[in-house]
Structures are given as C-alpha cells and as structure tokens.
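*Asks:* Okay, here's the prediction I keep looking at, along with the sequence it came from:
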Amino acid sequence: MAARNKKILFATSEAHPLMKTGGLGDVSGALPAALKNLRQDVRIIMPAYRAALRRLNKLTVASLVLDEDPHPVRILESTFPNTNIKVWLVDSAAHFDRAGDPYTGPDGHDWPDNAERFAVFARAVAAVALGRAGLGWQPDVVHCNDWQTGLVPALLRDEAPRPATVFTLHNLAYQGIFPAAEFWRLGLPAALWSMDGVEFYGSASYIKGGLACADMLSTVSPTYAREICTPEYGYQLDGLLRARADRLTGILNGADYREWNPAADHHLPARYSASDPSGKAAVKAALQKEMGLPVSADAPLIGLIGRLVEQKGVDLVLGALPTLLRQGAQLALLGSGVKHFEQALSALAAQYPDRFRLHLGYSEALAHRIEAGADMFLMPSRFEPCGLNQIYSLRYGTVPIVRRTGGLADTVVDLEDAGADLATGFVFDDPTPAALLATAQRALTLYREQPQRWQQLVATGMAQDYSWERSAKDYLALYEQALRHVSSRSGK
C-alpha cells in the first residue's frame with residue numbers, strides 16, 4: 001500500500017452524535033476518527049439536520065447553485081464532536097430543517113420528497129468532490145455510504161479528472177427506490193437511466209447507482225459480502241454484485257471503544273473491566289431496579305436492543321420468550337419499530353410484569369446500561385450485515401446469543417464449536433423460535449449450573465479486540481485499489 005496520506009471525503013446521511021438511527025451512525029462517527037489517527041486528511045459531509053445544527057458552532061463557508069435545483073444550498077463548516085475532524089453540513093432548509101428522523105416523518109412513513117432531498121445532498125457532495133464548492137480542498141477519495149449517497153458515484157463516474165469512489169453497503173434491504181418520474185423531474189443526467197446506472201425494473205434505485213458506478217465496493221462483514229451475492233440475500237441485485245465481485249470486499253465494522261468501554265462508561269452506576277469485573281453485579285442490580293424487575297443476582301437477565309422489525313427476528317423472540325420467562329429468565333428490551341411487534345411485546349410484558357420489561361423508543365444511556373447490566377444479549381437476526389451490539393456485548397462481559405448470519409457469524413464463536421477458552425457465545429442456524437429457544441436454554445443451563453465455565457466464556461469475550469484501527473487499515477487498502485482503477489481509466 002502506498003505510504004502517502006490521502007484526502008478522504010466521507011459522505012454519510014448520519015453520524016453519531018450529530019444524528020443516529022442505527023449502525024450507520026455509529027460507523028460514520030467512528031471510522032473517520034480512526035482514519036484520522038492513521039494520519040489521513042479526512043472530512044465528513046452530511047446533511048444539515050436541525051438536530052445537527054443545534055450541536056455545532058456553525059460557519060457559512062460556501063454557497064452553491066446546483067444544476068436543476070432552485071433551492072439555495074450552503075456548506076457549513078464546524079468540527080465534529082470529540083475530534084479535530086472538519087465536518088461539512090449541506091444546508092438546504094427546505095430539505096433538512098425538520099424535526100425528528102432523517103428519513104421518515106412523524107407519521108412513521110418515508111418523507112415523500114426523499115428522492116429530491118438526497119439528490120440535493122448527492123449533488124452537493126459531488127460539487128465538493130470536484131473542487132467546485134470554493135472550499136480550497138479536493139479529495140483523492142470519496143467514501144459513500146448506503147443509498148442516501150448512492151447517486152454520488154453515479155454523478156462522478158464520467159467526470160474527468162475526478163477522485164476515486166468507494167461505496168459501502170451497510171444494509172441492502174434499504175435501497176432508496178423511487179418512481180421513474182422522480183428521476184426525470186429532478187433533472188438527473190439521462191445517461192444514468194440505464195442498466196449500468198440507476199434504472200432498476202422501471203424505477204430509480206439510488207443504491208444501485210453506488211453499486212454500479214463506484215470504483216470499489218465494500219460491505220460491513222466478510223460473510224455478508226458473500227451472502228448478498230446470492231438470491232436469498234441479494235434483493236434482486238445479486239446479479240450485479242456477482243458481476244462486480246472482483247470489486248467487492250467485506251470489512252468488518254469496528255467498535256468505538258471510546259464510547260463503549262465499561263471501565264470508563266459515564267452512563268453506568270459502576271465501572272468494571274476484564275481485570276476487575278466485580279462492578280458488573282452492581283450495574284445489573286441497578287438495571288433491574290430501573291426497569292422495574294425484581295432485583296436478583298441469580299436471575300439470568302437477557303438484554304435486547306434494536307429495531308422491532310422482521311429482519312431482527314422479533315417474531316422468533318415472541319415465539320420463544322414465554323417459555324424462557326416461565327423458566328425464570330428476565331428480559332430487558334429497548335427498541336421500537338413495526339406496530340404489531342410493539343403491540344405483541346407490550347401484551348407479553350403485561351402478562352409477565354415481573355419477568356419482562358419493555359422500553360419503546362430509544363435511549364443511548366439506557367442502551368449502555370442494558371449492555372452492561374445484562375448477563376446475555378439476544379440477536380436472533382434473519383440477516384445482519386455486521387451488527388454492533390454483539391461486539392459491544394463482548395466487551396461488556398454480556399454473552400451474545402445470535403443467529404449464524406452476516407457479521408454475527410464472523411464475531412461470535414459457539415461453545416459447541418470451540419472450547420471455553422476460545423468460545424465467546426451461543427450461535428444457532430435455523431430462523432425458527434424452536435432453534436432460538438434451544439440455544440437460549442443452553443445458555444441458561446451453563447449460567448446456572450457451571451458458573452466457572454460461564455465466567456471463562458465472559459472473560460474470553462471481553463478479551464476480543466474489534467477496535468476500528470484494524471478496519472481503518474483495511475479501508476486504506478481499499479482506497480488504494482480504487483485509486484488504481486481511476487488511474488487505469490485515465491491512462492495514467
């Protein structure tokens with residue numbers, strides 16, 4: 001890999017702590033910092049959401065007039081929280097100055113103008129990437145993330161000279177598909193309406209723009225990189241992904257141990273570490289009290305945090321949970337999602353008030369306390385590109401129970417597949433309540449009957465290192481490959 005430092009424009013629709021709806025926000029808040037630590041010149045660019053503007057001291061840097069768009073757009077510059085990284089906010093009040101979620105309105109449905117909103121964002125990113133925004137800085141590489149930035153590689157593809165483009169796929173289930181009429185109304189380049197561009201069965205697919213046009217592709221775990229090339233996980237894009245398999249790699253997400261470290265976590269009532277895990281018992285007791293569960297050191301406490309959608313295996317949880325609760329387990333759940341799942345879980349919590357407590361919504365502080373206070377963490381996903389909570393769980397001494405898919409398969413080793421000195425959790429294969437129940441019961445049995453072996457499992461998990469430095473080095477290698485492809489296209 002070439003030794004020279006690179007100028008990297010990291011384009012994302014969310015970055016924690018400015019905006020977060022899921023794992024993309026965590027990654028976008030941590031990976032640029034890891035790249036900066038490797039002496040790269042990295043800048044973050046994201047929409048100027050109302051919540052982000054409130055967090056930052058902003059400065060107007062440039063005004064843009066975007067092709068085919070009448071709305072004035074400004075680029076605001078500040079410093080990303082807790083770093084010395086510049087962050088540029090694409091400020092178009094008509095598109096981003098809204099309360100709440102960046103993708104959905106208060107009614108829970110997608111904002112009806114999402115196609116326009118993220119076309120404006122992509123055009124602004126492309127202008128910065130081409131040095132047309134008056135910022136006095138132009139990147140070597142533009143790193144785009146998920147469908148909200150999928151138009152960027154497409155808009156840059158035929159420009160010359162241009163920076164290299166990398167497109168990271170965080171979850172293929174969310175694709176940014178819009179009617180063809182929106183594509184033409186927005187005045188996007190006609191050349192992109194093709195099988196080699198954004199056209200997708202008569203609609204416009206923003207994610208396909210990234211997958212078809214970027215110089216290099218990545219996704220967030222090696223197993224998921226293989227899975228998305230199959231019809232089962234490919235969402236009708238598996239053919240394109242197989243055709244570009246030589247450009248596709250899986251790089252496992254890292255954990256931001258600045259935020260997720262039980263030895264220094266300000267959200268916890270007590271601290272603990274691998275060398276001194278004694279504080280975990282106090283955190284468990286405090287969590288039980290906070291959630292309204294009976295305080296008991298002996299009761300196995302299971303945690304679950306996530307979106308309440310089919311992908312996350314919520315139906316499997318509903319099928320297995322009554323038996324687990326009757327057998328003495330406790331469950332602390334934090335999340336929100338599909339209404340019928342919320343209602344079914346609420347009914348179950350009412351049926352077992354001394355065993356199951358449910359917090360609908362999201363709280364970053366409570367998420368930390370559940371990770372730390374639980375004995376086990378449940379992630380029975382039907383598919384999981386990477387997953388971060390199982391990685392956090394390992395560091396917090398909370399044994400993960402997961403389905404063997406995507407990043408879960410790459411990060412959790414089942415006790416039956418390795419000795420206690422190598423195993424880190426419990427893994428099942430079939431996406432059924434019965435398989436989940438049997439695996440959770442294995443965990444409960446070990447917890448109750450073999451405490452020393454359980455503690456060895458906990459210690460092995462806490463010793464795992466999924467810090468971002470390793471992943472950041474893999475991304476630097478990917479940037480080099482992308483730069484070589486751009487050089488070969490231009491004949492350099």
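*Replies:* In hand now; what should we look at?
*Asks:* okay, the worst-scoring helix or strand of the chain on mean pLDDT in CSV with CA atoms only?
*Replies:* Least confident element among the helices and strands of the chain, by mean pLDDT, DSSP states H and E: strand 59-64 (a mean of 83). Extracted in CSV, the C-alpha atoms of strand 59-64 (Å, rounded to 0.1, in the frame of the first residue of the first chain):
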residue,chain,number,x,y,z
LEU,A,59,-19.9,28.8,10.0
THR,A,60,-21.0,29.5,6.5
VAL,A,61,-18.2,28.5,4.1
ALA,A,62,-19.7,28.5,0.7
SER,A,63,-23.0,28.9,-1.2
LEU,A,64,-23.7,26.6,-4.1
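*Asks:* Find the nearest non-adjacent residue to residue 279, please.
*Replies:* Leaving aside its sequence neighbours, residue 279 sits nearest to residue 272 (CB to CB, 6 or more residues apart in numbering; 3.3 Å). Glycine gets a C-beta too; all of them are placed from N, C-alpha and C.
*Asks:* before we move on, back to that, off-centre distance for the least confident helix or strand of the chain?
*Replies:* 29 Å (CA atoms, centre = their mean, to the nearest Å).
*Asks:* Partner strands of the next helix or strand after it, with direction?
*Replies:* Next along the chain after strand 59-64, taking DSSP states H and E as the criterion, comes strand 73-79. Strand 73-79 sits in its sheet next to strand 59-64 (antiparallel), strand 86-91 (antiparallel), going by DSSP bridges.
*Asks:* what comes up buried for the first one?
*Replies:* By neighbour count with 16 or more other CB atoms under 10 Å, strand 59-64 contains the buried residues 61, 62, 64.
*Asks:* What of stretch 363-373?
*Replies:* Across stretch 363-373, burial judged by 16+ other CB under 10 Å covers 366, 367, 368, 369, 370, 371, 372, 373.
*Asks:* for stretch 278-289, same thing?
*Replies:* Neighbour-count burial for stretch 278-289 flags 279, 280, 282, 283, 284, 285, 286, 287, 288 (criterion: 16+ other CB under 10 Å).
*Asks:* Thought residue 265 was touching the first one, still the case?
*Replies:* Read that as residue 279. No: using CB atoms under 8 Å, residue 279 is not in contact with residue 265, being 10.3 Å away.
*Asks:* can you list residues touching both of these two?
*Replies:* Each of residue 271 lies in contact with both residue 279 and residue 265 under the rule CB atoms under 8 Å, 6 or more residues apart in numbering.
*Asks:* Tally up the residues packed near the closest residue to residue 324 other than its chain neighbours, please.
*Replies:* Spatial nearest neighbour of residue 324, chain neighbours left out: residue 440 (5.8 Å); criterion: CB to CB, 6+ apart. By other CB atoms under 10 Å, the residues close to residue 440 number 25.
*Asks:* Report the contact partners of residue 162.
*Replies:* Contacts for residue 162 were tallied using CB under 8 Å, 6+ apart; they are 129, 130, 156, 486.
*Asks:* could you redo the residues you listed as CSV and give each row secondary structure, distance to residue 215 and pLDDT?
*Replies:* Converted to CSV, the contacts of residue 162 look like this (DSSP: H, G, I helix; E, B strand; the rest coil; distance: CB to CB, whole Å; pLDDT from 0 to 100):
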residue, secondary structure, distance to residue 215, pLDDT
129, helix, 13, 97
130, coil, 15, 96
156, helix, 9, 98
486, helix, 6, 92
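*Asks:* Tell me which two of these sit farthest apart.
*Replies:* Across those, the longest distance by CB to CB is 13.3 Å; it joins 130 and 486.
*Asks:* Of the two, which one has the most company?
*Replies:* Between residue 130 and residue 486, counting by other CB under 10 Å, residue 486 is the more crowded of the two (20 against 17).
*Asks:* For the nearest residue to that one once chain neighbours are set aside, grab the count of nearby residues.
*Replies:* Once flanking residues are discounted, residue 486 sits nearest to residue 164: 4.5 Å by CB to CB, 6+ apart. Residue neighbour count, defined by other CB under 10 Å, stands at 27 for residue 164.
*Asks:* Next one: residue 164 from residue 483, what distance?
*Replies:* Remark: distance between residue 164 and residue 483 (CB to CB, to the nearest Å) = 5 Å.
*Asks:* which residues are common contacts for these two?
*Replies:* Among the neighbours of residue 164, those also in contact with residue 483 (CB under 8 Å, 6+ apart) are 140, 141.
*Asks:* what sits opposite residue 403 in the beta ladder?
*Replies:* Per DSSP bridges, the residues bridged to residue 403 are residue 428.
*Asks:* quick revisit: name the residues contacting each of residue 130 and residue 486.
*Replies:* 162, 163.
*Asks:* that older thread, tell me the one among the buried residues of stretch 278-289 nearest to residue 425.
*Replies:* Of all the buried residues of stretch 278-289, residue 280 has the smallest distance to residue 425: 16.4 Å, by CB to CB.
*Asks:* I'd guessed the closest one sits against residue 369; true?
*Replies:* No: using CB under 8 Å, residue 280 is not in contact with residue 369, being 11.4 Å away.
*Asks:* still on that earlier bit, so how many other residues sit close to the residue nearest to residue 279?
*Replies:* Neighbourhood size, residue 272 [other CB under 10 Å]: 21.
*Asks:* tell me which element it is part of?
*Replies:* Residue 272 belongs to no helix or strand, assigned by DSSP H and E.
*Asks:* So residue 285 versus residue 264, what's the distance?
*Replies:* 20 Å.
*Asks:* Give me the domain ranges for the protein.
*Replies:* Using automatic domain parsing, the domains assigned to the chain come out as 7-254+469-490, 279-465.
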